[in-house]
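A.B. asks: missing the sequence, but the structure's below:
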């Protein structure tokens, strides 16, 4: 089989990590890179990604023209999280006749947040015979696909509790900043008031699980609270004083039929205790799953994206979800 | 949507448990039961299953005629483990135009064990426009689908170690007997020599994982050894004396490219210590998953079967595998 022709759209940290992963797979061929940053345009992707070799593949800023030239089968899209900020990019890719695998968190399950967007992308994708999907580790795996998969051996399910605790201490500064590390309580509250703070995609995970299990949503409650440092904590990048914010705790609770059916609890903070991914299923049978230390998010997101490439080219055209694809697995060849 | 019309073929303990699970789902309608046991024929399924009510659904022994009358969309097939013993039954069901979801362990991944059977069933199923699949908890989930799903967030995988430890102490006598509880070492060895002893499906799980990950199998080693009781152990049904067999330990190791890639370790014994399902992934990222106590096998097998019903009616005709269906999840409606 010929390798699948892939363009990397977005060459930030996740996009660069995708490039490195793509290069390891004989079944995938990187044919181009797109980034809006003029600093990156015209450079070789190898240079952008800090590789010691030129890949003979250039980064371009003119998406439509570049795609028409490269004719990729799949575009790996890693630019932004929000639907309104990616709609034009997706439209450009779809019109170029390429399938899309995107890390945009809101694209994992966009139907309720933005029905107009969803309808538009679905229709356009069908017109052009391509499939579009959003995935990653969270949303995309830890709090949706994995718990759903576990219910596959249950005859009854009454409640699901998913917990993900990430210690950002050893992680990138960007992730520490993004989750509020080093802020005062007041600054944290101000960030929340902007509406663009906190982990994106918790609601998408919840709606995907509820819909897939056939549980109409009665009520969703979501809270974001700061995790406050009790003692000073230092990372490679910053020192958090006592009473400053170390990170965030985000909890989403969903009711159906008067019962709390789904609880998604996410803590991302410097020095978080007992980092893990855990899923508790109350049902028949009841059981609890635990991944000690948790799944390392950055690599896992890259993997979820790359592993979806061979699946999306066989998916029916339109706006698709991970629940419609075959069970995930590593694409190693 | 009209409920899916289902016939239960095989009314042993698992078949009876399937009936009870089917009756809980408004989306499924039990329209008949088939069993070769003349003691069961002509009785109401409710009576056979020990329910306090008549279901108005009769058990019949004449499969083809009964299926022609009932016209089910799906037959839930729970009779035997081995391909050669189920081929005629599957042929009858397929000719009746019904999809098949079967608990036969060898059907989970039958291609290498019996290519002739696989070709025959696949061709016949395509001729009749139906899909045929084997599933359950093991094979079907714990040692194949679940570990594969976990690799979905890995960019690289070098080795997978799956362990399932089941304490049969509180379980059915049949399971204790089937795994050698109460035998002497010599009796255990004699059983093994028959070729029909031990857990069935370990090899099927292994081949499914290897093929799905694109790892050509170089060498498979499988061992079955007795777990010997050190002190006397009593269950509800029997007492195992010191030095008698408490159960079995079955280990399968698969090499590819000179490396041990996959280890499946199964212990099923009375009084087994640390019962669990665990998966260790060595790769990028590496991580370990653990389900303390393990997934309760009987209910999980029933669930895996019932939850596959709505998926199989949308699958392409032919002999299918769980790797080709969408990610598993509970069918609750």
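C.D. replies: Okay, I see it. Because the structure is a prediction, the values reported are computed rather than measured.

A.B. asks: Could you show which parts of the stretch 151-300 of chain A are in contact with chain B?
C.D. replies: Residues of the stretch 151-300 of chain A that fall close to chain B, judged by CB under 8 Å from any CB of the partner chain: A:151-157, A:212-215, A:283-285, A:287-296, A:299-300. (Each C-beta comes from the backbone N, C-alpha and C, glycine too.)

A.B. asks: Just the buried ones among those, please.
C.D. replies: Buried residues within those, defined by neighbour count using 16 or more other CB atoms under 10 Å in any protein chain shown: A:151-157, A:212-213, A:215, A:283-285, A:287, A:289-291, A:293-296, A:299-300.

A.B. asks: Which of those residues fall within helices?
C.D. replies: A:151, A:212, A:299-300 (DSSP state H).

A.B. asks: How far does whichever strand or helix holds residue A:254 sit from its chain's centre?
C.D. replies: Assigned by DSSP states H and E, residue A:254 belongs to strand A:245-256. Between the centre of strand A:245-256 and the centre of its chain there are 17 Å (CA atoms, centre = their mean, to the nearest Å).

A.B. asks: quick check, residue A:139 in a helix?
C.D. replies: No. Secondary structure of residue A:139 (DSSP: H, G, I helix; E, B strand; the rest coil): coil, not part of a helix.

A.B. asks: Please determine how far it is located from chain B.
C.D. replies: 12 Å (CB to the nearest CB, to the nearest Å).

A.B. asks: And residue A:217, by the same measure?
C.D. replies: Looking at residue A:217 against chain B, where the rule is CB to the nearest CB, the gap reads 15 Å.

A.B. asks: Tell me if I'm right that that residue and residue A:254 touch.
C.D. replies: Yes. Look at residue A:217 against residue A:254 with CB atoms under 8 Å: they come within range, at 5.9 Å.

A.B. asks: More neighbours: those two, which one.
C.D. replies: Each of residue A:217 and residue A:254 has its neighbours counted (other CB atoms under 10 Å in any protein chain shown); residue A:254 has more, 24 against 15.

A.B. asks: Which residue, other than its chain neighbours, is closest to the more buried one?
C.D. replies: residue A:262 (4.3 Å; CB to CB, 6 or more residues apart in numbering or on different chains).

A.B. asks: What of residue A:157?
C.D. replies: Leaving aside its chain neighbours, residue A:157 sits nearest to residue A:283 (3.8 Å; criterion: CB to CB, 6+ apart).

A.B. asks: Read off the pLDDT value for the one you found.
C.D. replies: We have a pLDDT of 98 for residue A:283.

A.B. asks: Please give me every residue in contact with the residue in the stretch 151-300 of chain A that chain B sits nearest to.
C.D. replies: Nearest residue of the stretch 151-300 of chain A to chain B: residue A:152, at 2.7 Å (CB to the nearest CB). When contacts are counted by CB atoms under 8 Å, 6 or more residues apart in numbering or on different chains, residue A:152 touches B:141, B:145, B:303-304, B:307, B:327-330.

A.B. asks: re earlier: partner strands of the strand holding residue A:254, with direction?
C.D. replies: strand A:219-228 (antiparallel), strand A:259-269 (antiparallel) (DSSP bridges).

A.B. asks: Where strands are concerned, which of the buried ones among the residues of the stretch 151-300 of chain A next to chain B count?
C.D. replies: Residues of those located in strands (DSSP state E): A:156-157, A:283-284, A:287, A:289-291.

A.B. asks: between these, which is closest to residue B:248?
C.D. replies: residue A:287 (23.1 Å; CB to CB).

A.B. asks: shouldn't the closest one be in contact with residue B:290?
C.D. replies: No. If you go by CB under 8 Å, residue A:287 and residue B:290 don't touch, sitting 10.7 Å apart.

A.B. asks: how close does the residue nearest to the spatial centre of chain A sit to residue A:269?
C.D. replies: In chain A, the centroid-proximal residue (CA atoms, centre = their mean) is residue A:136; its distance is 3.5 Å. Distance of residue A:136 to residue A:269, given as CB to CB, to the nearest Å: 20 Å.

A.B. asks: now, of the strands paired with strand A:245-256, which is deepest in the fold?
C.D. replies: Comparing those by mean neighbour count (mean count of other CB atoms under 10 Å in any protein chain shown), strand A:259-269 ranks first with a mean of 22.

A.B. asks: Run through the helices of the stretch 51-200 of chain A in chain order.
C.D. replies: Taking DSSP state H, counting those that start in this stretch as the criterion, the stretch 51-200 of chain A carries its helices at A:63-70, A:83-95, A:115-128, A:145-151, A:173-178, A:185-194.

A.B. asks: what's the closest of these to residue A:163?
C.D. replies: Using CB to CB, the nearest of the helices of the stretch 51-200 of chain A to residue A:163 is helix A:145-151, at 10.6 Å.

A.B. asks: For the closest one, enumerate the helices and strands it packs against.
C.D. replies: strand A:156-167, helix A:202-212, strand A:276-284, strand A:287-292, helix B:145-151 (3 or more CB pairs under 8 Å, 6 or more residues apart in numbering or on different chains; DSSP states H and E).

A.B. asks: Measure how far the last one is from the centre of its chain, please.
C.D. replies: On the basis of CA atoms, centre = their mean, helix B:145-151 is displaced by 17 Å from the centre of the chain it belongs to.

A.B. asks: Tell me which residues are up against it.
C.D. replies: A:145-146, A:149-150, A:152, A:327-330, B:157, B:160, B:162, B:208-209, B:212-213, B:277, B:279, B:281, B:283, B:287, B:289, B:322-323, B:327-328.

A.B. asks: beta partners of the residue nearest to residue A:260 when sequence neighbours are not counted?
C.D. replies: Nearest residue to residue A:260 in three dimensions, chain neighbours excluded: residue A:253, at 5.8 Å (CB to CB, 6+ apart). For residue A:253, the beta-bridge partners are residue A:221, residue A:263 (DSSP bridges).

A.B. asks: counting contacts, what elements does the worst-scoring helix or strand of chain A on mean pLDDT pack onto?
C.D. replies: Least confident helix or strand of chain A, by mean pLDDT, DSSP states H and E, is helix A:173-178 with a mean of 90. The helices and strands touching helix A:173-178, judged by 3+ CB pairs under 8 Å, 6+ apart, number zero.

A.B. asks: Going by neighbour count, which residues of that helix are buried?
C.D. replies: Within helix A:173-178, the residues that qualify as buried are A:175-176, A:178, counting by 16+ other CB under 10 Å.

A.B. asks: Over to stretch A:326-333?
C.D. replies: A:326-332.

A.B. asks: got a list of contacts for that stretch?
C.D. replies: With CB under 8 Å, 6+ apart, stretch A:326-333 has contacts from A:25-28, A:141, A:145, A:149, A:303-304, A:306-311, A:322, B:145, B:148-149, B:151-157, B:212-215, B:283, B:322-328.

A.B. asks: can we see that at 6 Å?
C.D. replies: Stretch A:326-333 is contacted from outside by A:27, A:307, A:310, B:145, B:148-149, B:151-152, B:154, B:157, B:212-214, B:324, B:327, using CB atoms under 6 Å, 6 or more residues apart in numbering or on different chains.

A.B. asks: between the residues you listed, which is closest to residue B:125?
C.D. replies: Ranked by distance to residue B:125 (CB to CB), the contacts of stretch A:326-333 are led by residue B:324 at 13.2 Å.

A.B. asks: quick one: pLDDT of that closest one?
C.D. replies: Residue B:324 carries a pLDDT score of 97 in this model.
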